[in-house]
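In: Next input, structure requested:
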Amino acid sequence: QKCIRFNPEASVWVAKQRILCTLNQSLKDVLNYGLFQPASNGRDGKFLDEERLLREYPQPVNKGVPSLEFRYKKRVYRQLNLDEKQLAKLHTKANLRKFMDHVHHLSVEKITKMLDRGLDPNYHDLESG
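Out: Sure thing, here's the model as predicted:
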């Protein structure tokens, strides 16, 4: 764990670059890391938009020093009515492969059905990229 102080007038992108320069190890797929603001005060957690300024994201002041997390970007499920076990069952390699087959064959109805069940089409296939 590291603590870095940022200029609130700087962009999120500049803050991300400073973090990357301080890391001792190289990260694979470094552009897919970002600054994450954890949930607080009834607000959902979210990844910060790299084009915006840090000051545009209010930090909770009642919890001591404001903090952000530097983590691999992935979809934050907040509006879906699915629990994590259902999501894990849905996002198997077999289902993702089947989804891509439907995309390649332009099977719109089958694609729509999988998406309606909660499949997230934003994923990184390690085999094909």
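
In: which other helices and strands contact the helix or strand that contains Leu96?
Out: In this structure, Leu96 sits in helix 93-104 according to DSSP states H and E. Applying 3 or more C-beta pairs under 8 Å, 6 or more residues apart in numbering; DSSP states H and E, one finds that helix 93-104 contacts helix 108-116. C-beta here means a position set from N, CA and C on the backbone, and glycine is covered the same way.

In: where do the helices sit along the protein?
Out: Ranges of helices within the chain are 12-22, 84-90, 93-104, 108-116, based on DSSP state H.

In: where among those helices is the average confidence lowest?
Out: When those are compared by mean pLDDT, helix 84-90 comes last with a mean of 75.

In: And it, what's buried?
Out: Within helix 84-90, the residues that qualify as buried are Leu90, counting by 16 or more other C-beta atoms under 10 Å.

In: in stretch 101-112, what counts as buried?
Out: Going by neighbour count (16+ other C-beta under 10 Å), the buried part of stretch 101-112 is His102, Ile111.

In: end to end, how far does that stretch reach?
Out: 13 Å (C-alpha to C-alpha, to the nearest Å).

In: And the pLDDT for the residue of the chain most remote from its centre?
Out: Here the chain reaches farthest from its C-alpha mean at His105, the gap being 28.7 Å by C-alpha atoms, centre = their mean. pLDDT recorded at His105 is 94.

In: Contact partners for it?
Out: For His105, no residue meets the contact criterion (C-beta atoms under 8 Å, 6 or more residues apart in numbering).

In: What does the pLDDT read for Ser128?
Out: Ser128 is given a pLDDT of 69.

In: One more: Ser26?
Out: At Ser26 the predicted local confidence, pLDDT, stands at 75.

In: so how far is stretch 22-35 off the chain centroid?
Out: Once both centres are worked out by C-alpha atoms, centre = their mean, to the nearest Å, stretch 22-35 turns out to sit 14 Å from its chain's centre.
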